[in-house]
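Asker: How does the following fold in three dimensions:
(one chain, ligands or ions: 1)
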Amino acid sequence: MKAALEPLDWVCLLAEEVGPRRPTGESERRAAELVRSRLEDAGCAVSVAPFRGYSTFAAPHAITTALALAGSFPGRGRSLLAWKGLGLAAAEDGLRVRPLLRPLSRRHSQNVVARIEPAGEAVRTLCLVCHLDSSRSGLIFHPRALPWLHGVIALQGAAIVAAAAAPLLRRGGLGRLALWAARALLAGILGLLAEREVRGVDVPGANDNASGAAAVATLASELVAEPLGSTGVVCLFTGCEESGLIGADAFISALQHESSSGPGTGRSPDWRRDWLFLNFDGVGAPAPLRYLRREGIVRKWSADGGLVRAAEGVASRRPELGLEGSDHNAGLTYDTTPVLARGGRALTLSAQGDTIPNYHSPTDTVENLDPDVLLRAVEVGREMLAAIDGGEADA
Ligand SMILES: [Zn+2]
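Answerer: Residues are numbered from 1 along each chain as shown. Predicted coordinates for the structure are as follows:
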């Protein structure tokens with residue numbers, strides 16, 4: 001048996017030894033394989049669950065944006081295109097029914113799933129979540145652009161609505177002006193998506209999200225030696241988070257299927273009640289360590305009340321860990337957002353201020369982490385495990 005890795009060793013292993021981990025790529029697969037073998041060495045029961053995905057979020061976004069842009073101009077059947085764009089964009093944003101997910105998912109990816117049974121009878125399941133893949137840089141993620149990213153995405157939604165309303169807007173001078181503004185924005189977004197594909201580089205992702213994987217892997221190794229009393233723990237290392245939460249979607253879809261196909265097939269008849277999801281995404285950046293009360297880009301979902309209560313308890317019992325709650329979520333979705341969108345119970349931990357330092361940048365390296373934040377995040381994880389096992393998050 002190899003010696004257990006420290007959290008920072010896990011980060012180095014993923015961000016430096018494996019390096020950038022593009023969704024569906026060879027290095028993403030290698031990262032999954034490494035985590036699997038290391039956790040098996042630590043004594044975990046581990047499986048790898050394959051699924052199909054795509055490598056970049058540009059794929060669905062370019063389709064909805066291009067449909068809206070094309071549909072905003074006069075011509076037969078154009079309006080239908082814009083409505084199609086609007087319908088697809090709204091469905092994708094809702095994270096429940098995703099019409100573009102299956103047709104675009106052609107490439108192989110995988111989730112790594114480790115299970116640690118409790119010492120006693122399981123009354124709940126806690127899923128510790130993190131993603132193994134890393135993102136790609138682009139002008140869109142330039143530090144000066146980051147504070148505006150959320151606003152631009154909201155405006156993109158408004159522009160798609162304007163494109164669908166083009167026949168109406170064309171009737172008045174002001175409406176025509178608004179329509180041209182919407183077209184300019186949609187064209188600009190298509191340009192930014194293309195710029196990222198052509199000129200961007202896949203980033204090492206030390207903070208986002210080798211740090212989260214390090215936290216979950218560390219907790220998994222500790223739990224094998226000392227399992228919880230009444231909480232089964234599932235450690236989920238997803239693929240394809242950065243391209244559209246695809247690994248998380250695949251895991252939840254399978255869980256939902258298991259739940260609905262009757263007793264005897266899973267631990268719990270209703271995953272929405274008995275499963276809790278605690279997500280670690282970017283927990284090593286030099287920024288305040290936060291639990292996020294809300295997730296989502298245009299639509300927002302509230303984090304689970306019980307988990308928020310447990311996090312509040314940890315924050316007040318252990319003030320030196322610097323854990324704080326936030327209503328601001330850097331304008332993002334996380335692997336737990338599809339859980340919340342489907343009525344499940346989840347909470348995300350992330351180190352972030354107004355923005356996330358070195359976000360989707362080649363500077364997201366081990367040197368630019370704050371190791372103290374990472375160690376505090378792991379300790380918050382331990383405290384959350386104890387609180388949840390003690391029933392603090394129970395509904
Ligand atoms: Zn991330």
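Asker: Let me see the confidence value for the closest residue to the ion within the stretch 251-395 of the chain.
Answerer: Nearest residue of the stretch 251-395 of the chain to the ion: residue 281, at 4.4 Å (CB to the ion). Just so you know, the C-beta spots here come from the backbone N, C-alpha and C atoms, and that holds for glycine as well. Each residue has a pLDDT score; the one for residue 281 is 98.
Asker: low pLDDT regions in the stretch 201-350 of the chain?
Answerer: Within the stretch 201-350 of the chain, the stretches with pLDDT under 70 are 262-269, 329-331.
Asker: Scan the chain for its longest helix.
Answerer: helix 173-199 (DSSP state H).
Asker: if we can go back for a sec, I figured the residue of the stretch 251-395 of the chain closest to the ion hits residue 348, correct?
Answerer: Yes: the criterion here is CB atoms under 8 Å, and residue 281 meets it with residue 348 at 5.8 Å.
Asker: joint contacts of these two?
Answerer: Here residue 281 and residue 348 have 334, 335 as joint contacts, going by CB atoms under 8 Å, 6 or more residues apart in numbering.
Asker: Which one of these two is surrounded by more residues?
Answerer: The neighbour count for residue 281 versus residue 348, taken as other CB atoms under 10 Å, is higher for residue 348 (30 against 27).
Asker: SS state for that one?
Answerer: Counting by DSSP: H, G, I helix; E, B strand; the rest coil, the backbone at residue 348 sits in strand.
Asker: Next up, the contacts around it.
Answerer: By CB under 8 Å, 6+ apart, the neighbours of residue 348 are 279, 280, 281, 291, 292, 295, 303, 329, 334, 335, 336.
Asker: and residue 12, that one's in a helix?
Answerer: Yes: looking at residue 12 with three-state DSSP, it is inside a helix.
Asker: per-residue confidence for it?
Answerer: 97.
Asker: Which residue, other than its chain neighbours, is closest to it?
Answerer: Once flanking residues are discounted, residue 12 sits nearest to residue 366: 5.7 Å by CB to CB, 6 or more residues apart in numbering.
Asker: Kindly report the same for residue 78.
Answerer: Residue 78 sits nearest to residue 71 (CB to CB, 6+ apart), 5.0 Å away.
Asker: domain parsing for the protein?
Answerer: 7-53+109-137+208-329+336-389, 59-96+141-199 (automatic domain parsing).
Asker: Quick check: which of these is buried the most?
Answerer: Mean neighbour counts were compared across the domains of the chain using mean count of other CB atoms under 10 Å; the top stretch is domain 7-53+109-137+208-329+336-389, at a mean of 21.
Asker: From residue 201, how far off is the closest residue to residue 196 other than its chain neighbours?
Answerer: Distances taken as CB to CB, 6+ apart place residue 138 nearest to residue 196, at 2.8 Å, with adjacent residues excluded. From residue 138 over to residue 201 the distance is 9 Å, taken as CB to CB, to the nearest Å.
Asker: Between the two, which has more neighbouring residues?
Answerer: Legend: neighbour count by other CB under 10 Å for residue 138 and residue 201, higher for residue 138 (21 against 12).
Asker: List the residues that contact the residue nearest to residue 196.
Answerer: 192, 195, 196, 199, 200, 360.
Asker: hang on, the last one packs against residue 207?
Answerer: No: using CB under 8 Å, residue 360 is not in contact with residue 207; the gap is 10.2 Å.
Asker: what phi and what psi does the backbone show at residue 69?
Answerer: Phi and psi for residue 69, reported as degrees, to the nearest 10, are phi -60, psi -50.
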